[in-house]
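*Asks:* Build me a structure from this.
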Amino acid sequence: MIYTNSDGGARGNPGPGAIGVVIRDEENILLEYSEKIPGKVTNNYAEYMGLIKALQLAQKYTTKELVCISDSELVVRQLLGEYKVRDPKLLKLFLEVQKLQNNFEKVTYQHVRRENKFQKHADYLLNKELDSKQ
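*Replies:* As a prediction, this is how the structure comes out:
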């Protein structure tokens, strides 16, 4: 089974944003990815952008079962249908996630605390991106 740990953040909220993504199996990291998000974004927007990139990258490793892990309770609960998506900008990203899910036989979403070692790594990647001067 393949897992993704994605994270997104914005300094200032809204402010400069970045994402960090880890694609892995049970214990081994297969791919690390990070990038800045153009313009000023909110934390929630950045979290969705991280998940979208994770879904795109995960296709290189599986089309079967995927577990997407995030420390964003809002994003996970929206995707599980527990919370409504009221923000139009987030709704557009939510629908993009729905479309990308179709590339897999099964996608599961899990919320974890930031202390999770792989989630910490995704957070490290995004902060490294935000700290870089490029």
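*Asks:* Please count neighbours and contacts with C-alpha atoms only from this point.
*Replies:* Will do.
*Asks:* and the one helix or strand Y109 maps to, which strands flank it?
*Replies:* Using DSSP states H and E, Y109 sits in strand 106-111. Sheet neighbours of strand 106-111, with direction, are listed as strand 65-70 (parallel) (DSSP bridges).
*Asks:* mind checking how far the helix or strand following the partner strand is from the chain centre?
*Replies:* Downstream of strand 65-70, the next assigned helix or strand under DSSP H and E is helix 73-79. Put simply, helix 73-79 sits 11 Å off its chain's centre (Cα atoms, centre = their mean, to the nearest Å).
*Asks:* element containing the nearest residue to L31 once chain neighbours are set aside?
*Replies:* Closest residue to L31 in three dimensions, ignoring its sequence neighbours and counting by Cα to Cα, 6 or more residues apart in numbering: I23, at 5.1 Å. Using DSSP H and E, the element containing I23 is strand 15-24.
*Asks:* Longest strand in the protein, by number of residues?
*Replies:* If you go by DSSP state E, the chain has its longest strand at strand 29-41.
*Asks:* Perfect, that will be all.
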